[in-house]
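K.L.:
could you look at this predicted model? Sequence included:
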Amino acid sequence: MATSTAAAIPCLLLLATLTIAAAEIGHPQAPAAAAGAVGGRTEIRDVGKNKLVQSLGRFAVAEHNRRLSHGGGPANNGDPVRVQLVFTAVAAAQKQVASGVVYYLKVIARDRAGGGGDRPFDAVVVVKAWIKSKELVSLMPSPK
């Protein structure tokens, strides 16, 4: 009797989780999603004045340049940006709470060698404040 009760608990938890997930899929504009619930992206306003966002954009470009100059990381694995960059600004940003905070940045930068003007790049940076960690996940030319 105790064995079947113990086996039923995980099944009930799974059923409850699936029910909640199905309800959220059916109502994507629910208040929890609008308030920036876990998993949802939220727009960051006034990015030009946001020191954290600007420092993350600067970090993304610096980390890209470091990887490129050391010949390691994504730069040797098909990185579409094969030139050193100079950071100009972050033009737009979103954040998503996951295992840490994922920042989706529209970084404006230019070729360090001086070939061309400012260009937009899409950068993804993951910040885990509790372990004082920042990681550049990707930096790619932006289609816009």
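P.N.:
Thanks, I have it.
K.L.:
show residues contacting the strand or helix carrying S55.
P.N.:
S55 belongs to helix 51-70 when assigned by DSSP states H and E. Contact partners of helix 51-70, identified using C-beta atoms under 8 Å, 6 or more residues apart in numbering, comprise 44, 47-48, 73-75, 79, 81-87, 89-90, 93, 103, 105, 107, 109, 112, 123, 125, 127, 134, 136, 139. For the C-beta atoms, the positions are set from N, CA and C on the backbone; glycine is no exception.
K.L.:
so what are the domain limits for this structure?
P.N.:
As recorded under automatic domain parsing, the domains making up the chain are 1-35, 40-141.
K.L.:
mean pLDDT for those domains: which is lowest?
P.N.:
With a mean of 48, domain 1-35 has the lowest mean pLDDT of the domains of the chain.
K.L.:
tell me what the longest strand seen in the chain is packed against?
P.N.:
Identified as the longest strand of the chain according to DSSP state E is strand 85-98. Here strand 85-98 touches strand 41-44, helix 51-70, strand 100-111, strand 119-128, going by 3 or more C-beta pairs under 8 Å, 6 or more residues apart in numbering; DSSP states H and E.
K.L.:
please put the alpha-carbon coordinates of the third one into CSV.
P.N.:
What follows is strand 100-111, C-alpha atoms only, in CSV (Å, rounded to 0.1, in the frame of the first residue of the first chain):
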residue,chain,number,x,y,z
GLY,A,100,20.7,33.5,-14.2
VAL,A,101,19.7,36.4,-16.3
VAL,A,102,20.0,36.2,-20.1
TYR,A,103,20.5,39.6,-21.8
TYR,A,104,19.7,39.9,-25.5
LEU,A,105,21.6,43.0,-26.6
LYS,A,106,21.6,45.0,-29.9
VAL,A,107,25.2,46.2,-29.8
ILE,A,108,26.5,48.9,-32.1
ALA,A,109,30.2,48.5,-32.9
ARG,A,110,32.7,49.1,-35.7
ASP,A,111,35.7,47.3,-37.2
